[in-house]
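Asks: Structure of the sequence below:
(chains A, B, C and D)
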Number of protein chains: 2
Amino acid sequence: MAVADFNQIRRSEHLPARIAAQIGREITEGRIAAGEKLPTEHLLAKTFGVSRSVVREAIAQLRNEGLVETRQGVGAFATEFERRQSLRIEHGDPTDQLAFHNLYQLRIPLEIEAAGLAAIHRTSADLARLDETLEQMTGAEKWTEQGIVADLAFHRALATATQNEYFPLFTSFIAERISLAIQAARAKAVLEEIVEVTIAEHVAIRDAVAIGDPVKARQAMRHHLIQAAARLDLALETLQGEIS
Amino acid sequence: MAVADFNQIRRSEHLPARIAAQIGREITEGRIAAGEKLPTEHLLAKTFGVSRSVVREAIAQLRNEGLVETRQGVGAFATEFERRQSLRIEHGDPTDQLAFHNLYQLRIPLEIEAAGLAAIHRTSADLARLDETLEQMTGAEKWTEQGIVADLAFHRALATATQNEYFPLFTSFIAERISLAIQAARAKAVLEEIVEVTIAEHVAIRDAVAIGDPVKARQAMRHHLIQAAARLDLALETLQGEIS
DNA sequence: TCTTGTAAGGTTGTCTGATAACTTTATATG
DNA sequence: CATATAAAGTTATCAGACAACCTTACAAGA
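Replies: Below you'll find the model as predicted:
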């Protein structure tokens, strides 16, 4: 297959998305203040030169983002900030080193805390799941994408073992973004090395969780993340309490 | 004003939101696999017993969340996970103690780490902003909502001082949810006490940041969060490294 | 004069039906 | 076998109508 590596052709965004983006910008850039009423659907349809259905779909999107709330018979209103239910991270430049570093820095305290809580709360099913992911990791030496998937699965299992629904939600969201950035940077050679070396580090985390030692679990996770950062040539600020 | 303290009447969610929630659950709970095609709009409309417009608005919402992508003439597909740009926390029952506890538990490592990074990276403008929020906090003794706002502002200023764009994004998102839950729980009397006592704790954080001592900043934040939890009658697992 | 009830007007929510635009599959032609 | 065209199916958009709700104005009764 000697075909040039063409980019996927970008489909033009359809009308509701474009209109939602424009209205959304008016709100986030403060030209429509929180609590202020939007123009009526009829007027928006006329202004944008589209049908009312398209306006309604755009408003459905904004409502979903929490930027707008609608009241039947009254109108649509820009929300106060606290109404928003979504946290968005835009797909930025995957090779942006600073963004990568900052996201990694954010992940660290969460993963360390997750390890500690997992050591306290884990069930035997959680432990079995951790072992499964370790097994996948071992078999993933040759396939770097599989290595990433197995690593993600390990961390997700760990966060699940906290018995706190928010940890898997947040750590997975962040971890997957970090993995995407690694893949996009095409550091394939680095990844192979990472997969081979980190198995022992993952096992150390698993073992600390298995014996229910939160301090040791946190230390193992900290060590793993510092080593991983070093392998990715990331300069991190001193971690909590240093390495002890 | 001796009117009883009525709750705001909850409006029932309308159809597109309910349908989007159901389809979204099918996807996030794995019953519709990533890459799999959804039923046609016509079939979904028949199945749910609604008009096609309602289905389209629901799909517009899901599309906005990145859970679904649509191709004209083909159909709607559940996305691969990496397409998703949003992290959602549903407005659950504000008085759900477990959810509150779990969210607070999630917040702790982030705030501690933010304090440490702020001590390293803060500018003089950051410090001025921290002082502003402390001043607001002092003037907020009588008004508990203002106390919450001032507290949120303090923590946001601290997260901003990390010079890592993700910390304010995540900590504010979580903190605002926690504050909403507190307000909904109507712990007004508790809040007044909180505001008075926590000023000293906030000042300790500020001072550690001002002298650029990340270890002391983390300790001060840890102490503050533990005390706040105690005031809210939250039983937390041992924090990282205990109190030293 | 004040309170309650009703009507009118306006706006969102949902429905129905149609056509445009696009994709896929089947069939015909060279 | 390759290419072109037609048919079928699906999403995208349009238009119009009615339902449900909200706000305001006005009338009637105490």
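Asks: my guess is A:N64 meets B:Q61, correct?
Replies: Yes: between A:N64 and B:Q61 there is a contact under C-beta atoms under 8 Å: 4.0 Å. C-betas here are computed from N, CA, C, even on glycine.
Asks: how deep is A:D213 tucked in, by neighbour count?
Replies: 16 (other C-beta atoms under 10 Å in any protein chain shown).
Asks: same check, this time on the one 10 residues further on
Replies: A count of neighbours around A:H223, defined by other C-beta under 10 Å, yields 15.
Asks: Could you do A:Q219 as well?
Replies: Neighbours of A:Q219 under the rule other C-beta under 10 Å: 21.
Asks: what's the spacing between it and B:L87?
Replies: Separation of A:Q219 from B:L87 (C-beta to C-beta, to the nearest Å): 28 Å.
Asks: mind checking the SS state of the closest residue to DNA strand C within chain A?
Replies: When distances are taken as C-beta to the nearest atom of the strand, chain A reaches nearest to DNA strand C at A:G73, 3.1 Å away. Here A:G73 is recorded as coil under DSSP: H, G, I helix; E, B strand; the rest coil.
Asks: rewinding a little: pull up the overlap in contacts between A:N64 and B:Q61.
Replies: Taking C-beta atoms under 8 Å, 6 or more residues apart in numbering or on different chains as the criterion, A:N64 and B:Q61 both touch B:A17, B:A20.
Asks: ranges for the helices of chain A?
Replies: A:15-28, A:41-48, A:52-65, A:97-121, A:124-138, A:144-160, A:166-184, A:188-210, A:214-231 (DSSP state H).
Asks: Out of those, which gets the lowest mean score?
Replies: Out of the helices of chain A, helix A:188-210 stands lowest, with a mean of 67 (criterion: mean pLDDT).
Asks: So chain A: which segments form each domain?
Replies: A:15-83, A:97-231 (automatic domain parsing).
Asks: Out of those, which one sits most buried?
Replies: domain A:97-231 (a mean of 19; mean count of other C-beta atoms under 10 Å in any protein chain shown).
Asks: Any residue of that one touching chain B?
Replies: Yes: against chain B, domain A:97-231 shows contacts by C-beta under 8 Å from any C-beta of the partner chain at A:99, A:102-103, A:105-106, A:108-110, A:112-113, A:116-117, A:120, A:164-167, A:169-170, A:173, A:176, A:180, A:214-215, A:218.
Asks: so what's the spatially most central residue of chain A up against?
Replies: By C-alpha atoms, centre = their mean, chain A has its centre lying nearest to A:F173, at 2.4 Å. By C-beta under 8 Å, 6+ apart, A:F173 lies in contact with B:L87.
Asks: try A:T28
Replies: A:T28 makes contact with A:L67, according to C-beta under 8 Å, 6+ apart.
Asks: how far away is it from A:A20?
Replies: Relative to A:A20, A:T28 is positioned 12 Å away (C-beta to C-beta).
Asks: Likewise for A:E111?
Replies: Where A:A20 is concerned, A:E111 sits at a distance of 35 Å (C-beta to C-beta).
Asks: One more: A:R63?
Replies: 10 Å.
Asks: so what's in contact with the two at the same time?
Replies: With contacts defined as C-beta under 8 Å, 6+ apart, no residue is shared by A:R63 and A:A20.
Asks: Give me the number of neighbouring residues for the closest residue to A:Q72 other than its chain neighbours.
Replies: By the measure of C-beta to C-beta, 6 or more residues apart in numbering or on different chains, the closest residue to A:Q72 outside its immediate chain neighbours is B:H14, 7.8 Å from it. Residues within reach of B:H14, counting by other C-beta under 10 Å, total 14.
Asks: mind checking the backbone torsions on B:H14?
Replies: Backbone torsions for B:H14, taken as degrees, to the nearest 10, come to phi -90, psi 180.
Asks: hmm, back to that, now do the same for the residue of chain A closest to DNA strand C: its pLDDT.
Replies: 87.
Asks: What distance do you get for it to B:A17?
Replies: A:G73 is 17 Å from B:A17, by C-beta to C-beta.
Asks: what do you get for A:G49?
Replies: In terms of C-beta to C-beta, A:G49 sits 28 Å off from B:A17.
Asks: show me the contacts for A:A17.
Replies: So A:A17 contacts A:A58, A:Q61, B:R63, B:N64 (C-beta under 8 Å, 6+ apart).
Asks: Recalculate using a threshold of 10 Å.
Replies: A:V54, A:E57, A:A58, A:Q61, B:A60, B:R63, B:N64 (C-beta atoms under 10 Å, 6 or more residues apart in numbering or on different chains).
Asks: For the residue lying closest to A:T47 once chain neighbours are set aside, give its distance to chain B.
Replies: Leaving out its chain neighbours, the residue that sits closest to A:T47 by C-beta to C-beta, 6+ apart is A:P39, at 7.0 Å. Distance, A:P39 to chain B, by C-beta to the nearest C-beta, to the nearest Å: 19 Å.
Asks: Check the gap between A:P39 and A:K46 for me.
Replies: A:P39 is 9 Å from A:K46, by C-beta to C-beta.
Asks: overlap in contacts of these two?
Replies: Counting by C-beta under 10 Å, 6+ apart, the residues touching both A:P39 and A:K46 are A:V55.
Asks: Figure out how far stretch A:160-171 is from the centre of its chain.
Replies: With C-alpha atoms, centre = their mean, to the nearest Å as the basis, stretch A:160-171 stands 13 Å off its chain's centre.
Asks: Now the terminal residues of that stretch, how far apart.
Replies: 10 Å (C-alpha to C-alpha, to the nearest Å).
Asks: Run a quick check on A:I112 versus A:R218, I expect a contact.
Replies: Yes: A:I112 lies in contact with A:R218 (C-beta atoms under 10 Å); the separation is 5.0 Å.
Asks: what are the phi and psi angles of A:I32?
Replies: According to degrees, to the nearest 10, A:I32 has phi -110, psi 120.
Asks: Contact partners for it?
Replies: Applying C-beta under 10 Å, 6+ apart, the residues near A:I32 are A:I23, A:G24, A:R25, A:E26, A:L38, A:P39, A:L67, A:V68, A:F77, A:A78.
Asks: close enough to count as contact, A:L15 and A:Q61?
Replies: No: using C-beta under 10 Å as the test, A:L15 is too far from A:Q61 to be in contact (11.3 Å).
Asks: measure the residue in chain A positioned nearest to DNA strand D to A:A157 for me?
Replies: When distances are taken as C-beta to the nearest atom of the strand, chain A reaches nearest to DNA strand D at A:G73, 2.2 Å away. Separation of A:G73 from A:A157 (C-beta to C-beta): 49 Å.
Asks: what does chain A put close to DNA strand C?
Replies: Counting by C-beta under 7 Å from any atom of the strand, chain A comes close to DNA strand C at A:38, A:40-42, A:52-53, A:56, A:59, A:70-76.
Asks: swap the cut-off to 10 Å and go again
Replies: Proximity of chain A to DNA strand C, by C-beta under 10 Å from any atom of the strand, involves residues A:9, A:11-12, A:14, A:37-45, A:51-53, A:55-57, A:59-60, A:63, A:68-77.
Asks: pLDDT score for the residue nearest to A:Q72?
Replies: So, for B:H14, pLDDT stands at 85.
Asks: Report the separation between the nearest residue to A:A157 once chain neighbours are set aside and chain B.
Replies: Spatial nearest neighbour of A:A157, excluding adjacent residues (C-beta to C-beta, 6+ apart): A:R129 at 4.3 Å. Distance, A:R129 to chain B, using C-beta to the nearest C-beta: 15 Å.
Asks: show me what contacts A:R129?
Replies: By C-beta under 10 Å, 6+ apart, the neighbours of A:R129 are A:R122, A:T123, A:A153, A:F154, A:R156, A:A157, A:L158, A:T160, A:A161.
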